[in-house]
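K.L.:
Fold the following and give me the result.
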Amino acid sequence: IDTFAEKSAILMNVLDDVSKLHPFVGVAVMAFKVVWTLEVNHRENNQKIKALHEQMSDMMSVLTQCQTDREGKTIQGRMQTLVEDTAKDIEHCGEVCNAYAKEKAIAKFFKSSVWVTRLVNVGVVFKDRREEFQFALTMHTASGVDTANRTLGNVNDTVQAMNEKMDMLLKIIQHAVSPEEQRLKEEAGNENILENEALLIRLAKGELRGASSSITNRSKVDAKSYTLEDLREDLRADPEEAIQKNKEAFARKISMQEKRLREEMEAIVSRESDRVIDAIKAGPHDEIHDPDWRGSTKSRYFVMGLRDHFHEKWDQGVTKGDAPGSAANPKDEWALAYLNIHWLQPIRESFDDDASGFITVGEVNTFTNARPLNWSLPRWIAFWAIGWHQTLTYYNGKIREVFAKMFAILPRIHVSNQASVNKYLSEVYRNVTTIEAAVNPCHVNEALQGKFQPYIESEEKRLRENLEMARYDIDDLDTLTLITGPGRIGKVSVLNRLKTVCVHVNASMFMA
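P.N.:
Here you go, the predicted structure:
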């Protein structure tokens, strides 16, 4: 189970090939990729959820048998409805797992039997679907009664072996207990929690060691106001009600994740032959005195090698035939001014996403793959050297303007809404301005900023669309990651804050 992420990643590559050969399979493959990616990004170490996703992977692995089948129309007629139903089953699995993950540890513990039933039911559906897939494929490949009987005999042996594995995974779902739940069990004992006022108070205050994360997905301010009645309500709430309540929010996550996957696939196609290793081959590594640089190299050496490479390229004369989006565009010679020691820190931070002090080939490719179309590599590096700081300064100023407007309309807020608006400002203003004040402002060179404006506007548009898809409801870290995209949150957080605060200004004006 612990290696399900790696195994599923390999499986998805094979399923991509299958869906190219048999497009009707694509609906189930996309649903599988979306739900699987959401779970991997969530990174919750929960054996029940892992076991359920392992079952989902085993079910989907049957479809790899279609990889060698060329009778598209015949097999489509036999399996299309089954594939469409499976896509719905996978999305339902995601709904259940997401609602379960949002439950507080204390609620998971005291409603474990009900939740286990829901999770096991999903696992049983995957087990049944797997058998249906296997039967449909067997009937498709078999010809004649005798052949069909022999094939069915072989399949029965395979199905029996897989059923044993499925049964084992179902047992894991039924009996796995997280460390947090185990601590709660030890400390709370077998008492009737709902009837034990003193124990409920301790749980509401988070005083039990096992309840340290029982108040999840809440700000510190919300946690302070978490009352005894709130806890009682959480413990009484029916899991099915939680699943239905979370259904709309999860549907938005599905849409955002699917949108991201499609964009990533389009980007891979458009940049398949545009990798940094090709762009700077026979260049920077000649200047980097590190025998292991091809795997990773110290960020300082890499940036200096990159600088020397591009200066050398321009000294030799960049060919006029270079395309606008190539690694070195003659029109972007101005960007070389920002490839020097003075801008070393911001440049290496832009490459070194994990702040390890070393830059890997993967990080370099991630950096260059994020480069806007028709932008040269020097221009992209110049943006992170100076353009990002200028953008940060600009948007911090805009955030201050937005807050000034909010405070200015306070006298116009209706009396019945004043308490809510005051509470919002007391909570949000302090948090946002604390982050905003940490930014060291710089002079914004408008002429230089104009060279980066198309990318900034496209990022604004992307964030606005993602926030609108989420309806500005950032209910957990998964949703936040889907909105901002991969990488360090600091790269987009200021734009995200501005968009969110602007919506709140409009809401405040509506409440006036």
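
K.L.:
which intervals of the stretch 51-200 of the chain have sub-threshold pLDDT?
P.N.:
67-74, 140-163, 165-166, 174-197, 199-200 (pLDDT under 70).

K.L.:
Going by neighbour count, list what's buried in the one helix or strand residue 125 maps to.
P.N.:
According to DSSP states H and E, residue 125 maps onto helix 112-141. Judged by neighbour count using 16 or more other CB atoms under 10 Å, the buried positions of helix 112-141 are 112, 115-116, 118-120, 122-123, 125-127, 129-138, 140-141. Every C-beta, even on glycine, is put in place using the N, C-alpha and C of the backbone.

K.L.:
From residue 421, how far off is residue 437?
P.N.:
23 Å (CB to CB, to the nearest Å).

K.L.:
I meant residue 265, not that one.
P.N.:
44 Å.

K.L.:
Which one of these two is surrounded by more residues?
P.N.:
Set residue 265 next to residue 421 and count neighbours by other CB atoms under 10 Å: residue 421 wins out with 19 against 12.

K.L.:
Now the closest residue to that one other than its chain neighbours. Its backbone dihedrals?
P.N.:
Leaving out its chain neighbours, the residue that sits closest to residue 421 by CB to CB, 6 or more residues apart in numbering is residue 413, at 5.2 Å. Main-chain dihedrals, residue 413, degrees, to the nearest 10: phi -70, psi 140.

K.L.:
Begin at 54, not 1, for the rest of this chat.
P.N.:
Okay, using 54 as the starting number, the last item reads as residue 466.

K.L.:
how about the helices in the stretch 104-253 of the chain?
P.N.:
For the stretch 104-253 of the chain, the helices defined by DSSP state H, counting those that start in this stretch occupy 125-155, 158-163, 165-194, 198-228, 232-241, 250-257.

K.L.:
Now residue 164. Nearest residue, chain neighbours left out?
P.N.:
residue 292 (6.1 Å).

K.L.:
How many residues are close by that neighbour?
P.N.:
Count around residue 292 with other CB under 10 Å applied: 20.

K.L.:
Quick check: the gap between it and residue 420.
P.N.:
Taken as CB to CB, the span from residue 292 to residue 420 is 43 Å.

K.L.:
Measure how the helix holding residue 178 sits relative to helix 125-155, angle-wise.
P.N.:
Helix 165-194 runs at 170 degrees relative to helix 125-155, counting by axes from the mean of the first three to the mean of the last three CA atoms, to 10 degrees.

K.L.:
and helix 165-194, what other elements does it pack with?
P.N.:
Contacts defined by 3 or more CB pairs under 8 Å, 6 or more residues apart in numbering; DSSP states H and E place helix 165-194 against helix 100-114, helix 125-155, helix 198-228, helix 292-323.

K.L.:
Low-confidence stretches in the chain?
P.N.:
Counting by pLDDT under 70, the chain shows low-confidence ranges at 54-58, 95-98, 120-127, 193-216, 218-219, 227-250, 252-281, 320-348, 370-381, 539-565.

K.L.:
Correct me if wrong: residue 478 contacts residue 459.
P.N.:
Yes: the criterion here is CB atoms under 8 Å, and residue 478 meets it with residue 459 at 6.8 Å.

K.L.:
And these two? Which one has more around it.
P.N.:
Taking other CB under 10 Å, residue 478 and residue 459 do not tie; residue 459 has more neighbours (21 against 16).

K.L.:
Am I right that that one falls within a helix?
P.N.:
Yes: counting by DSSP: H, G, I helix; E, B strand; the rest coil, residue 459 falls inside a helix.

K.L.:
That one touches residue 475, doesn't it?
P.N.:
No: using CB under 8 Å as the test, residue 459 is too far from residue 475 to be in contact (11.0 Å).
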